[in-house]
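> how would this look folded up:
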Amino acid sequence: MATFRISRRYRTAILLGFAAAVASELPPFDLAARANGKIFDLWSRIAARAAPDNIVVVGLEDPAWFSTLAEIAYRDGARLLVTTLPQPPTPLANDRALGPTELALGDQLLRRTDWRHGGHLWFEAQPDGIVREDRTFIGADEPIPSLGFASAASLARGHGSEDAAADRSAALQAHGGADERRWLRFFAPDSITRLSPADLLQTPGLLAGSIVIAGRELPAYATPVGRLPAPDLLAHVVGTYGAQAPLGAGWPATLTPWVLTLAVLLGLAARPRILVRWRFAVPAAGAGAVLASSALAFFGAAMWMPPAAPVVLMLVGGGMLAARPRRARRRRRSAEMDVEEARAALADGDLDRAWRLYRSVPPTEPLLVELYELGTALERGDWLDQAADVFHRIALVDARFRDTAHRLVATTQTETPPRPLTAKIRGTPLTALGRYEILAAIGQGSAGKVFLGRDPKINRLLAIKVIDLSAGHETSESTDAADRFRREAETAGRLSHPNIVTVFDVGEAQGLAYIAMEFIKGRRLSDFTKPETLLPPALVLELAAQAADALHYAHAQNVVHRDIKPANIMYDSASGNLKITDFGIARLIDVSRTRTGIVLGTPSFMAPEQLEGRNVNGHTDLFALGVSIYELLTGRLPFRGASMTKLMFVIANEPHEPITAVRSDLPEALDAPIDTALAKDPAGRFRTGAEMADALRAVAAQVG
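The predicted structure is shown next:
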């Protein structure tokens, strides 16, 4: 069954759209609420119908005339008399009319009046000052209906308001007493019948069968259909509850625009070609569809669906989706221009410019031929780091393209013979190990053979170190050796630092133990230890400080390297990356070699306590790093001997020649950190790698 997946960029666009939609709902601006209000006003004006012809509004300038109005209304046979006057002018009016039993004082609720029948009169405006809702009930213990709702309930009960308890009971039964706001349906203002006291006196019988709403002309309230006096606004409320149902709302109405919007965006994510052809027309049309659905629900189903936030989601999310193809085309055009410029630079022999331009373009199969041409040209020109970078990029697409793997090895490992090494172990060609393809032999190290490999699952190049643990062991000891290998390799694999080679996998296959680790396309620092290949002193000190930082991290994890030397530190000048390799490897061959009397590690870089077979710790690694710095800066080792015995004696007993005596152009401030690193007593060395890194960087600042 096909699965529906959304790419990361589409998920990001939709999530940002949601974030913008939610932000529009939040204070202090309440942009969505204000926009929804304007849309509601528009729909209300478009859908405004004529008011019921039985609703009559009587303007009263003199409240005392309300008693006369009550007599006329009941004489003519009016169905209901309702007023917005704050107090009943006479007991007769109080007995025979509905009035505001609770009256709003500004924005605060509410003061009691002397009216015995009716409900609260509180035209509560929204943040933009416009009245669009009626608060049907207020209060929890004894819910008080609004005056408009109580009037409609009284009409539904079929009589006037002689029984206040019955009116309240009817209102509660009709609605349930929930404290909520109901959206109002507004009539065309000029369709409401308005009469004056003079009209009633001149023409008897005008109020027969009518719902009479009386009150002062002021104050007036802002509404979707204009400013209305309190009696007129109350007429709209009574008409909403009586002549037609209030607008439906709630979760279904709120969720519908969101569901519609999300469906459109998911459809665009599933069919991105639509956006390529129609671009921003699709999100705009989607936003229009959301607005149209809100309008249809308002006009046809008396339902209010707030569309503002979903429209924001549609425009922002859909707009981002629509913009991405255009940006992708711009990126493609830019890449095509870079390729054309790179080809021209390669044809002109400007290899450095060609390399930089090709680096800005993702490698693809059509580019492999010209990338290979560039790599071989760089290799012939002895631009080995740049050539290695090009062959590495080719290998990421097709590691078996021509002799790319062997050329990658040749440009990375300077000690590799000119002809490609045969990937063999125990005399047998090796093409695969576990799930990894073996592409070429990188070299032979003290801890085993190293191969260039590829993980076919994720097309990643790897350095695979293979150790034959059976060598030097009796058959009965092979299992113990494998266990030690696994433990030590897993310990090294837990290290995660930008200056330590990452271990991805540890395993055993074909009777061999292997470690699959990050492939570094740079050069070993041992390539820069000859007087003619020395790196600038400031760069050496910065690289050494990075190595000290990495050792500080490893020592904090209780992992000691045991074999720090320039050959175990990789440097990629193209990217500036430095990586320490072979963490934990020296310990892997500890037992097998010490049993036969072979000294662990590289003697020239070993601390006195390591040569004596005492326990090693972080101070041992810092001593070896000090020896490495000395060699990288001077092209010679600080301790030398004609034999192993002599060398061990010199390391343990004789002082080294000050580094500034060997190379006078180095600052005298460098003597102190080198002397500290090479102290015979571990207690006299740097306490941590971080302390050593700080000291080296302080001197590097003086070197410039």
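
> C-alpha from now on. contacts and neighbour counts both.
Will do.

> ok, now how distant is I564 from A547?
Computed as Cα to Cα, to the nearest Å, the I564 to A547 distance reads 10 Å.

> more neighbours, these two?
Ranked by neighbour count (other Cα atoms under 10 Å), I564 and A547 place I564 first, with 29 against 25.

> For the stretch 201-350 of the chain, which segments count as helices?
230-242, 251-270, 273-278, 281-301, 308-348 (DSSP state H, counting those that start in this stretch).

> From the chain's centroid, how far away is the first one?
Relative to the mean C-alpha coordinate of its chain, helix 230-242 is positioned 50 Å out (Cα atoms, centre = their mean, to the nearest Å).

> Which other helices and strands does that helix contact?
strand 55-59, helix 147-157, strand 211-215, strand 220-223 (3 or more Cα pairs under 8 Å, 6 or more residues apart in numbering; DSSP states H and E).

> Please repeat the previous calculation with a cut-off of 7 Å.
Under the contact definition 3 or more Cα pairs under 7 Å, 6 or more residues apart in numbering; DSSP states H and E, helix 230-242 sits against helix 147-157, strand 211-215.

> For these, which has the smallest mean pLDDT value?
The stretch with the lowest mean pLDDT among these is helix 147-157, at a mean of 84.

> Output the helices and strands packed on helix 230-242 in TSV; the columns should cover distance to T84.
Listed next are the helices and strands packed on helix 230-242 as TSV, based on distance: least, Cα to Cα, whole Å:
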stretch	distance to T84
helix 147-157	9
strand 211-215	5
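
> Point out the one among these that comes closest to A50.
Proximity to A50 (Cα to Cα) singles out strand 211-215 among these, at 15.6 Å.

> Give the pairing partners of the closest one; include direction for each.
Strand 211-215 has its sheet partners listed here by DSSP bridges as strand 55-59 (parallel), strand 80-83 (parallel).

> so which of those strands comes closest to D232?
Closest to D232 of the strands paired with strand 211-215 is strand 55-59 (Cα to Cα; 6.6 Å).

> List the buried residues for the very next helix or strand once past the closest one?
Under the assignment DSSP states H and E, the closest C-terminal helix or strand after strand 55-59 is helix 66-76. With burial defined by 16 or more other Cα atoms under 10 Å, the residues of helix 66-76 counted as buried are 66-67, 69-70, 72-74, 76.

> Distance from the chain centre to helix 66-76, please.
The answer for helix 66-76 is 70 Å, by Cα atoms, centre = their mean.

> can you offset everything so residue one is 24?
I'll keep to 24 as the first residue from here, and by that count the last item is helix 89-99.

> Contacts only, for F322.
By Cα atoms under 7 Å, 6 or more residues apart in numbering, the contact set of F322 is A70.

> try it again with 10 Å
Residues in contact with F322, defined by Cα atoms under 10 Å, 6 or more residues apart in numbering, are 66-67, 69-71, 316.

> same deal with A561?
A561 makes contact with 567, 656, 689, 719-720, 722-727 under the criterion Cα under 10 Å, 6+ apart.

> Select only the buried ones of these in ChimeraX?
Entered in ChimeraX, the line below selects the buried ones among these, by 16+ other Cα under 10 Å:
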select :567,656,689,719,720,722,723,726
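
> CSV for the helices and strands packed on helix 253-265, including mean neighbour count and distance to W274?
CSV is the format used below for these (neighbours: other Cα atoms under 10 Å; distance: least, Cα to Cα, whole Å):
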stretch, mean neighbour count, distance to W274
helix 170-180, 26, 23
strand 234-238, 26, 34
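
> can you list the weak-confidence ranges in the stretch 324-473 of the chain?
Counting by pLDDT under 70, the ranges of the stretch 324-473 of the chain that qualify are 344-358, 436-451, 467-471.

> Return the most buried member of the strands paired with strand 234-238.
Across the strands paired with strand 234-238, the average number of neighbours (mean count of other Cα atoms under 10 Å) peaks for strand 103-106, which reaches a mean of 26.

> Leaving out chain neighbours, which residue sits closest to Y537?
Among residues not flanking Y537 along the chain, V489 sits closest, at 4.4 Å (Cα to Cα, 6 or more residues apart in numbering).

> Please settle this for me: is that neighbour part of a helix?
No. Using DSSP: H, G, I helix; E, B strand; the rest coil, the secondary structure at V489 is strand, not a helix.

> ok, it - how many residues close by?
Neighbour count for V489, taken as other Cα under 10 Å: 23.

> quick one on the thing from earlier: show me whatever sits in contact with both of I587 and A570.
Overlap of the contact sets of I587 and A570 (by Cα under 10 Å, 6+ apart) consists of 603, 645, 648.

> May I have the residues that are in contact with P631?
If you count contacts by Cα under 10 Å, 6+ apart, P631 has them with 637, 639, 643, 646, 671-676, 701-705.

> Same check on L380?
358, 360-366, 368, 374.

> Most neighbours among the residues you listed, which one?
The residue in those with the most neighbours, by other Cα under 10 Å, is A365 (25 neighbours).

> correct me, but it touches W378?
Yes. Taking Cα atoms under 10 Å as the definition, A365 is a contact partner of W378 at 7.4 Å.
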